[in-house]
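K.L.:
No sequence on hand, only this structure:
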């Protein structure tokens, strides 16, 4: 049993390395900027959803307010850069650190809540932050922040013409989020989280420090999401409260993990790879008229997948491999 | 310059609007805004009633609740625009239409979401959320994203003065309707056979089959009833609020907070929750800039659940 698990983990790592290598080569053949743009977004959502999955999937604390951390990352970077000239790389770390601290400060009272009371608390907290930023004149209020272009450079992490640097950064971020999850899966924390998710009371009685393990999951998750937010601010070079901190975005971030397979290693990646290109393409081909057809297709897809595959798209793979093993 | 002076100066430049705010608040304005807050609160209670009913019945949070409100508002608008039926007369029609719609949504979507053996909570959240997106898309497709409003209805824009306090008539009627609906709901749940079946199914959905109650039928009727309640609320809302495809989103969040504040599983908690939300919103608008009025509601929700993790009247 144990060796089987170890084997599976080694196989996962090899598959991930191969996929990352293939992904890194793709831009050499795909020069179309529009397609590259979609690839960057796909990787970003994979990273975000993977990070969300740590707290909500593995630890079972469903947060529908993660846009808060994404927004904090984006705003910290953008404000430090535009107001104080601090390089985005520092902003990224600062945003991540601030988010992790805030996640723990908020977790302190919130982790006593269960079920829907917790979910609604996460929504409401993000919404308070959104309203505060929308009314904060110094930070651009509802209009947001325009990040001025100061020329292509890695130092300032700005590139006007090429999407490639963003692509490789997003790829790195997705790999880091995946690796962190992979590593945590087989660590003390990973086992604690799954115990907390399945039955917090039983876990507590067996000596799992439930509260601390939730705090740990929240901090890791928030840090990574905030780094994603910093990246996004640099990538689009314009942020506004609604688009980086809105409730809608919290759901969009959770969606790849939920549809791909919540609480699984590959779910968020699979979900993002299928969902994001599909969203962008429907938006481009049927949504151009601005009449909401893209929303109809997108919404119907969410309903269909969540009803047909409650364990997510990864369950198709395990069904297939299960059949193979049964045939042997 | 000392560090603290710098901090203060920084706070002034960055947080100016929050720090330097002095509005003239008199006893009159307080009473006035509490009165309108109370009316709005009763209406919030009516909006949330259906959500609370459905949750109490089957532990499902309908993430398309706001969109139910949205189509009720559109239905009212079109009855008014095409057939000149005043929203007050249209209300029962809209409620009936929403009843059918709610039952159909249960039979076509939620029934299947209930069958999920894994991740049941997420399946329910995201299947109803997907439905919400489809409904918004359909509204955009058929009705365009334009803002619409019902103009020149019987009570629209009229106010009535009681002891020097001005009360807007649409909200007043909505508040009375809300009280009537909750009273009716009370008798319905406690005094009728269907109400008892509802209560029994809620206690133990498996056992009711033994006494000949069809669980699916009860759930479908529960969804119908929940949707009909939000239909009533939508008809009143249409009198004084703009109607557009995304209108449900902001009210849905308030409805979730209302239900959770009252306590999940308690329909009448939603009534109390609604009143509290309305009063808190009005009070916040006196203290903070009006665009921040929801902050008060959310803060009170957090305060309540941090002290009582089951809401005010919740059972668990």
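P.N.:
All right, it came through fine. Bear in mind the structure is a predicted one, so any value in this text is a computation, not a measurement.
K.L.:
Look up which helix or strand the residue nearest the centre of chain B falls in, please.
P.N.:
Geometric centre of chain B, nearest residue: residue B:47, 3.1 Å, by C-alpha atoms, centre = their mean. Using DSSP states H and E, residue B:47 sits in helix B:27-58.
K.L.:
following the host helix or strand of residue A:78, which helix or strand shows up next?
P.N.:
Assigned by DSSP H and E, residue A:78 belongs to helix A:67-84. Using DSSP H and E, the helix or strand that follows helix A:67-84 in sequence is helix A:88-110.
K.L.:
rewinding a little: give me the mean pLDDT for the helix holding residue A:78.
P.N.:
The pLDDT scores in helix A:67-84 average 94.
K.L.:
got the angle for it vs helix A:88-110?
P.N.:
Between helix A:67-84 and helix A:88-110, the angle formed by their directions is 140 degrees, by axes from the mean of the first three to the mean of the last three C-alpha atoms, to 10 degrees.
K.L.:
Packing partners of helix A:67-84?
P.N.:
Helices and strands touching helix A:67-84, by 3 or more C-beta pairs under 8 Å, 6 or more residues apart in numbering or on different chains; DSSP states H and E, are helix A:88-110, helix A:115-134, strand A:145-146, helix A:210-236, strand A:238-239, helix A:241-245, helix A:247-261. In short, each C-beta sits where N, CA and C put it, glycine included.
K.L.:
quick one: pLDDT of residue B:59?
P.N.:
The model's pLDDT for residue B:59 equals 83.
K.L.:
Could you measure from the residue nearest to the centre of chain B over to residue A:178?
P.N.:
From residue B:47 over to residue A:178 the distance is 42 Å, taken as C-beta to C-beta, to the nearest Å.
K.L.:
and what of residue A:192?
P.N.:
From residue A:192 to residue A:178 the distance is 20 Å (C-beta to C-beta).
K.L.:
Tell me if whichever strand or helix holds residue A:34 is near chain B.
P.N.:
If you go by DSSP H and E, residue A:34 is part of helix A:33-53. No. Against chain B, helix A:33-53 shows no contacts by C-beta under 8 Å from any C-beta of the partner chain, the least distance being 11.5 Å.
K.L.:
Identify each buried residue in that helix, please.
P.N.:
Using 16 or more other C-beta atoms under 10 Å in any protein chain shown as the test for burial, helix A:33-53 gives A:36, A:38-53.
K.L.:
In terms of secondary structure, what does that helix contact?
P.N.:
Secondary-structure packing of helix A:33-53 (3+ C-beta pairs under 8 Å, 6+ apart): helix A:2-29, helix A:164-185, helix A:210-236, helix A:247-261, helix A:267-285.
K.L.:
which residues of chain A score low on pLDDT?
P.N.:
By pLDDT under 70, the low-scoring segments of chain A are A:1-2, A:287-290, A:322-328.
K.L.:
next one: the stretch 1-150 of chain B
P.N.:
Residue ranges of the stretch 1-150 of chain B with pLDDT under 70: B:1-4, B:6-24.
K.L.:
Flag every residue of it that's near chain A.
P.N.:
So the stretch 1-150 of chain B meets chain A at B:13-18, B:55, B:61, B:109, B:112-113, B:116-123, B:125-127, B:129-141, B:144-145 (C-beta under 8 Å from any C-beta).
K.L.:
Quick one: the helices in chain B, in order.
P.N.:
For chain B, the helices defined by DSSP state H cover B:3-19, B:27-58, B:65-83, B:87-105, B:111-113, B:120-143, B:169-191, B:193-203, B:215-240, B:247-262, B:267-287, B:293-307.
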